[in-house]
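Visitor: Compute the structure for the input listed below.
(one chain, ligands or ions: 1)
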Amino acid sequence: MVYLSLVNARSENFEFDLVILGGGASGLLVIDQLLDDPFFSTWNILLIEKEEKVTDDRTWCYWEAGEGRFDQLLTCEWKKALFKNEVEDKYFDLSPYTYKMLRSSAFYKRVYGRIRESSGVQVLYSEVMSVMDTSGGVEVQLSDRVIAAKKCLSSVRDLRFLKNIKKYPLLQQHFVGWFIEVRSPVFDEKCVTLMDFSVDQKGNTRFMYVLPVSKTEALVEYTLFSADLLEESEYEAEIMKYLDKAGITEYRIVEKEKGNIPMTAYPFHHKNSKNLMYIGTAGGWTKASTGYTFYNAMRKAKALKEFLKSSSDMRKFTNRTRFDLYDRIFLNVLFARNGLGQHLFSRMFIEGNPITMLKFLNNNTAIAEEFDIMAAMPTWLFLKNIIKPTS
Ligand SMILES: Cc1cc2nc3c(=O)[nH]c(=O)nc-3n(C[C@H](O)[C@H](O)[C@H](O)COP(=O)(O)OP(=O)(O)OC[C@H]3O[C@@H](n4cnc5c(N)ncnc54)[C@H](O)[C@@H]3O)c2cc1C
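Guide: Just a heads-up that it's a prediction; the model follows:
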């Protein structure tokens, strides 16, 4: 379905002030911000997306303090959490955070709905073949035409190059999840299981993630932070084993989801040029040490809106912080000693203060809090991995 009508296109050199490639999470988060601000009401913006986005192809979860931008769209939220390993269960109150679940269909409906009502943003359903910064602007190559624009934000990614960059080891957060329904109530719908490391680690960082949306329904996800993906049947066998161990033998699989999210400290902003910026996972908006992206992308989208008002050089939106360095060291450790994940996360969440950890993982802690976290880690291992990964 094509919404594009070029009748409004400007008869200057550029058809558009801004072209956004990819109408998934980050592209839409940026547009949702721009639509709020009268500054952009005169901008001619084009979103190019290869397919219509209407399904629950993603279940985004994130923790946030207080009210959030998408609270009205949430499927579920939790104020209590469980972290678990083979010897201990740690339940904790999430306050001041709430753990939130946003399913993608609700999010797509909201933002594509806003776009339809706007006059400045148009949608073109087409596959992007390539994009080039021509130094005066950008050219986006589609199968049947070239689009010229002043600026481009691209969430279209081809991250195969990351495999060959030894300096920044690549792990993946990879998972298969089942939405299941059971007859009799077994789940505590008030408590989310963030990480259950009681599963066999097999030399990796493997855990179960359980999101109960009612007493009889939950998303049960088998997740790894490791270099190599598994066969789909392996994830599924582990989910079955886990449910069986929990005494859940009769259930209906309502839906399945799977994914793999790159975990890397690669400085993605190096790929930006004057008129072209990568956003979302393609732009390094994924938190390298966890794979969480959505909360970070919300913040980046907001900052990007302000940036676009005052700067014309996309390379200036870098915003690197000390948290990038922490992520890099942590990833080096996890890459070199993948079986240690259970131990490290247990130190953080069981021995340490889980709320400070969540604050840290949202890049919000103060330096004094970070010293406490570091003190709880095996210092020699982290020092050894500060500069480069060990093998
Ligand atoms: C199943 C799943 C669950 C996840 N759950 C969480 C979570 O709970 N919390 C969290 O923080 N993160 C989560 N993530 C990670 C991250 O938030 C998502 O991957 C998020 O969608 C990334 O946003 P993005 O804009 O970079 O990519 P996307 O949302 O994938 O958007 C990219 C868009 O570009 C389009 N596109 C691709 N190629 C082309 C092309 N050539 N031409 C035109 N369009 C193109 C795609 O169709 C897509 O719509 C999850 C990821 C997956 C896969």
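Visitor: contacting residues around whichever helix or strand L308 is part of?
Guide: Element membership for L308, per DSSP states H and E: helix 294-310. For helix 294-310, the external contacting residues (CB atoms under 8 Å, 6 or more residues apart in numbering) are 18, 25-26, 29-30, 32-34, 36-37, 39-40, 60-64, 68-69, 102, 151, 153, 279-280, 283, 285-287, 316-317, 319, 362-363. Where C-beta positions appear, they are placed from N, C-alpha and C, glycine not excepted.
Visitor: can you tell me which of the residues you listed are in helices?
Guide: If you go by DSSP state H, the contacts of helix 294-310 have A25, S26, L29, V30, D32, Q33, L34 in helices.
Visitor: OK, contacts around L276?
Guide: V131, D133, V138, K151, C152, S154, M314.
Visitor: For the first one, which non-adjacent residue is closest in space?
Guide: In this case it means V131. Nearest residue to V131, sequence neighbours excluded (CB to CB, 6 or more residues apart in numbering): V140, at 5.0 Å.
Visitor: burial of that neighbour, as a residue count?
Guide: A count of nearby residues for V140, using other CB atoms under 10 Å, gives 26.
Visitor: what helix or strand does it sit in?
Guide: strand 138-142.
Visitor: Let me see the contact set for the residue of the stretch 151-300 of the chain found nearest the ligand.
Guide: Ranked by CB to the nearest ligand atom, the top residue of the stretch 151-300 of the chain for proximity to the ligand is G280, at 2.3 Å. By CB under 8 Å, 6+ apart, the contact list for G280 reads G22, G24, A25, S26, G27, S155, R157, T286, T293, A297.
Visitor: which phi and psi does K258 have?
Guide: With angles defined as degrees, to the nearest 10, K258 sits at phi -150, psi 160.
Visitor: Also S130?
Guide: Dihedral angles for S130 - degrees, to the nearest 10 - are phi -160, psi 170.
Visitor: ok, and what's touching stretch 265-275?
Guide: With CB under 8 Å, 6+ apart, stretch 265-275 has contacts from 133-138, 150-152, 162, 165, 168, 170, 278, 282-284, 288, 312-315, 317-318, 320, 324, 327-328, 331.
Visitor: Same check on stretch 228-247?
Guide: By CB under 8 Å, 6+ apart, stretch 228-247 touches 172, 174-176, 178, 180, 186, 199, 206, 208, 220-222, 224, 249, 251, 258, 260.
Visitor: do stretch 187-204 as well
Guide: Residues outside stretch 187-204 that contact it (CB under 8 Å, 6+ apart): 76, 78-86, 91, 99, 206-218, 222, 224-226, 238, 241-242, 338-339, 341-342, 345-346, 349.
Visitor: Drop the exposed ones from those and show what's left.
Guide: When these are checked for burial by 16 or more other CB atoms under 10 Å, the buried set is 76, 78, 81-85, 99, 206-213, 216-218, 222, 224-226, 238, 242, 338, 341-342, 345-346, 349.
Visitor: distance of D93 from the ligand?
Guide: As judged by CB to the nearest ligand atom, to the nearest Å, D93 and the ligand stand 21 Å apart.
Visitor: Sort out for me which of the buried ones among the contacts of stretch 187-204 are in strands.
Guide: 76, 78, 81-84, 99, 206-212, 217-218, 222, 224-226 (DSSP state E).
Visitor: separation between the residue positioned nearest the centre of the chain and D93?
Guide: By CA atoms, centre = their mean, the chain has its centre lying nearest to T293, at 2.1 Å. Between T293 and D93 the distance is 25 Å, computed by CB to CB, to the nearest Å.
Visitor: So among the contacts of G280, where is pLDDT lowest?
Guide: Lowest pLDDT within these is found at R157 (93).
Visitor: Pull the number of nearby residues for that residue.
Guide: 17.
Visitor: what about it, which SS state?
Guide: coil (DSSP: H, G, I helix; E, B strand; the rest coil).
Visitor: That one contacts G284, correct?
Guide: No. Between R157 and G284 no contact is recorded; they are 10.6 Å apart, counting by CB atoms under 8 Å.
Visitor: which residues are common contacts for these two?
Guide: Common contacts of R157 and G284 (CB under 8 Å, 6+ apart): Y278.
Visitor: these two touch, right, the residue nearest to the centre of the chain and A282?
Guide: No. Using CB under 8 Å, T293 makes no contact with A282, being 10.8 Å away.
Visitor: ok, the closest residue to S346 other than its chain neighbours - contacts?
Guide: Spatial nearest neighbour of S346, excluding adjacent residues (CB to CB, 6+ apart): N85 at 4.9 Å. If you count contacts by CB under 8 Å, 6+ apart, N85 has them with D196, F197, S198, Q342, S346, I350.
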